[in-house]
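Chemist: Model the following, please.
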Amino acid sequence: MIRFENVTKRYVTEGKVVTVVSGMTLTVPTGRSVGLLGCNGAGKSTVLRMVSGTTRPTEGRIVTTGQVSWPVGFAGSFHPDLTGHQNCRFVARIYGVDTDELVNFVEDFAGLGPHFRMPIRTYSSGMRSRLAFGISMGIHFDVYLVDEITAVGDAAFRERSDALFKARLQSAGALVCSHALPQIRMLCDSGIVLEHGRAWYYDDVEDAIAHHVQAMAAA
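Modeler: This next block holds a predicted model:
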């Protein structure tokens, strides 16, 4: 469950106060996979960061139950001088999961071969993304946060990734930020539309998509 209680977020940009969301009050039921929809700059990524705890609301609060992931596939927190194996063990200790179990899963799933035991600074962006996605999927979260996830690797790896993520959603919820409506339809069963600082929750994702398409056309 994710509950937004009168959440407002403001930024000061070039001396001007910009309100991203204002008075957002709604509850996402446990186990729902929710698409976050809105035009560019509507506040989708900001909402994800507030749910993850990396950004605090200006006013109000967000209450979550269960363990919430970092954005799936995010590779920005890896230590470049540690190996993929060492970064994996470090994440396992932070989240209190079995280190050997996570390492074995990621090594098999990411398919990095000997690079898994080489420093992250030697990785290509694709290799970092494969490692990051593997670690994200190796921990069973109650809510997965997805911010414009992009497929990496060859077709076979992308197919395995899609299948695994959809399998995780059979027993977990998600908050998915994406401009790709086919991806929203594939992953989500409900939706939140952000528009002009306001938020609307729809129990049926098709109703959310219809609102979003209409708002885009008006814009």
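Chemist: tell me the pLDDT at residue 180?
Modeler: Residue 180 carries a pLDDT score of 89 in this model.
Chemist: per the record, what domains does the protein have?
Modeler: Under automatic domain parsing, the residue ranges defining each domain of the chain are 2-67+174-218, 75-140.
Chemist: how long is the first one end to end?
Modeler: Between the opening and closing residues of domain 2-67+174-218 lies a distance of 30 Å (Cα to Cα, to the nearest Å).
Chemist: ok, now the shortest one?
Modeler: Terminal residues of domain 75-140 are spaced 18 Å apart (Cα to Cα).
Chemist: Now the lowest-mean-pLDDT helix or strand in the chain: buried residues?
Modeler: Least confident helix or strand, the chain: helix 155-168 with a mean of 86, by mean pLDDT, DSSP states H and E. Neighbour-count burial for helix 155-168, with 16 or more other Cβ atoms under 10 Å as criterion, is recorded at 157, 161, 165, 168. C-beta coordinates here come from the backbone N, C-alpha and C atoms, glycine included.
Chemist: Over to stretch 5-21?
Modeler: Neighbour-count burial for stretch 5-21 [16+ other Cβ under 10 Å]: 7, 9, 20, 21.
Chemist: Make TSV from the residues you listed and add distance to residue 206 to it.
Modeler: Formatted as TSV, these follow (distance: Cβ to Cβ, whole Å):
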residue	distance to residue 206
7	26
9	28
20	26
21	23
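Chemist: Restricted to helices, list the residues you listed.
Modeler: Secondary structure assignment (DSSP state H) places none of these within helices.
Chemist: ok now do residue 194, which residues does it touch?
Modeler: Residue 194 is in contact with 21, 36, 37, 38, 42, 43, 44, 47, counting by Cβ atoms under 8 Å, 6 or more residues apart in numbering.
Chemist: need the buried residues of stretch 5-21 in CSV with pLDDT and distance to residue 77, can you?
Modeler: Formatted as CSV, these follow (pLDDT from 0 to 100; distance: Cβ to Cβ, whole Å):
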residue, pLDDT, distance to residue 77
7, 97, 25
9, 97, 22
20, 93, 24
21, 95, 25
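Chemist: Leaving out chain neighbours, which residue sits closest to residue 219?
Modeler: residue 39 (5.7 Å; Cβ to Cβ, 6 or more residues apart in numbering).
Chemist: before we move on, what about residue 137?
Modeler: Nearest residue to residue 137 in three dimensions, chain neighbours excluded: residue 164, at 5.4 Å (Cβ to Cβ, 6+ apart).
Chemist: surely residue 173 meets residue 65?
Modeler: No: counting by Cβ atoms under 8 Å, residue 173 sits too far from residue 65 to count as a contact (9.9 Å).
Chemist: Now for these two: what residues contact both?
Modeler: 30, 142.
Chemist: okay, the two: which has more neighbours?
Modeler: Higher neighbour count among residue 173 and residue 65: residue 173, with 24 against 12, using other Cβ atoms under 10 Å.
Chemist: which helices and strands does the helix or strand encompassing residue 144 pack with?
Modeler: Residue 144 is located in strand 143-147, with elements delineated by DSSP states H and E. When contacts are defined as 3 or more Cβ pairs under 8 Å, 6 or more residues apart in numbering; DSSP states H and E, strand 143-147 packs onto helix 44-52, strand 68-71, strand 173-177.
Chemist: what angle sits between that strand and helix 44-52?
Modeler: Put simply, strand 143-147 runs at 150 degrees to helix 44-52, going by axes from the mean of the first three to the mean of the last three Cα atoms, to 10 degrees.
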